[in-house]
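> Turn this into a model:
(chains A, B, C and D)
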2 protein chains.
Amino acid sequence: MRELTRAEEQVMQVLWKIKKGFVKDILEHFDDPSPAYNTVSTIVRILQDKGFVTHKAYGRTHEYYPLISKSDYSKSHLKTFVNDYFSNSFEKMVSFFAKEKSISVKEMEEIMKIMENEVKKQKTMR
Amino acid sequence: MRELTRAEEQVMQVLWKIKKGFVKDILEHFDDPSPAYNTVSTIVRILQDKGFVTHKAYGRTHEYYPLISKSDYSKSHLKTFVNDYFSNSFEKMVSFFAKEKSISVKEMEEIMKIMENEVKKQKTMR
DNA sequence: CTTGCTTAACTAATTTTTTCGTTGTATATT
DNA sequence: AATATACAACGAAAAAATTAGTTAAGCAAG
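Numbers count the residues shown, from 1 in each chain, chains lettered A, B, ... in the order given. This next block holds a predicted model:
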């Protein structure tokens, strides 16, 4: 999957949040020194060319939708990251962050619970 | 922490792998249409300006070292990602990928083991 | 109809990133 | 010493990404 540039990613984050919207709706979700209308308009059209976004036309105005979900994008993004930084091993990544205390005890307990369930589920599915 | 551009990241990945090296050593680790010597030389000097790299001079030739470790960079990188895509919750991220079956049962069992240890350790540390 | 407003499309300008040729210097080789 | 080689530094050129002005078309209000 093609990577989003910084500006493109910002627009996608807004679209993922608001689900769909006109350029002016996207614009509203930028904070403070917000870019010009035309800047957003251009980026959204680039995203469309790249296949990340599509639109529904109402007369001359366009309502934009994400074509790729935030989860799909994050999935591909994290996979690249795990590959580049943890030789493709989720285990290495997660245990690294567990040991680094980036994951709190509470979170770890939650994660373990979920994993137990998943393991059970996937084992009975065979 | 400043973000690495694509080209910069490639050079850093090599430096992290070989620990230290002259431009030509870095160059060797690029595959196929490898960039020109000068391209790598320039990038490594940019990385130096940005504080990611330093060098030891042997006469006129420079041996380059990473100043930032791969783990520190990946830590900051994943934090940004978790923040942008999982509202800053490692738990959300990990359980998402567990449910997505991006993490194998074997890996999950390993992760649970490590977490149990970590939880124990961190609880006794209080 | 005419004026003004809104919007997409186009395009130009600017900035950032990437790439590599050129140059000068040091060192090795003859 | 003269020539060749290797390298860092510089800088220019090219490519990619970002930003926003201009234009033209549609529509609404008077």
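> The helix or strand where A:Phe96 lies versus helix B:90-99: what angle between them?
Following DSSP states H and E, one finds A:Phe96 within helix A:90-99. Helix A:90-99 and helix B:90-99 are oriented at 160 degrees to each other (axes from the mean of the first three to the mean of the last three Cα atoms, to 10 degrees).
> Let me know how buried A:Ser41 is, in neighbour terms.
Other residues near A:Ser41 come to 18 when the count uses other Cβ atoms under 10 Å in any protein chain shown. Placement of C-beta: from N, CA and C, glycine included.
> so who does the nearest residue to it once chain neighbours are set aside touch?
Distances taken as Cβ to Cβ, 6 or more residues apart in numbering or on different chains place A:Val23 nearest to A:Ser41, at 4.9 Å, with adjacent residues excluded. Contact analysis of A:Val23 by Cβ atoms under 8 Å, 6 or more residues apart in numbering or on different chains lists A:37, A:40-41, A:44, A:62, A:64.
> Neighbour-wise, which one of these leads?
A:Tyr64 (26 neighbours).
> what's in contact with stretch A:79-88?
For stretch A:79-88, using Cβ under 8 Å, 6+ apart, the contacting residues are A:89-90, A:92-93, A:96, B:9, B:13, B:70, B:74, B:77-78, B:81, B:102.
> Which pLDDT value goes with the nearest residue to A:Ile103 once chain neighbours are set aside?
Excluding the flanking residues, the one nearest A:Ile103 by Cβ to Cβ, 6+ apart is B:Phe90, at 4.5 Å. With respect to pLDDT, B:Phe90 scores 97.
> residues near the residue nearest to A:Lys70 when sequence neighbours are not counted, how many?
The shortest distance from A:Lys70 to any non-neighbouring residue, by Cβ to Cβ, 6+ apart, is to A:Trp16 (4.3 Å). A:Trp16: 16 surrounding residues under other Cβ under 10 Å.
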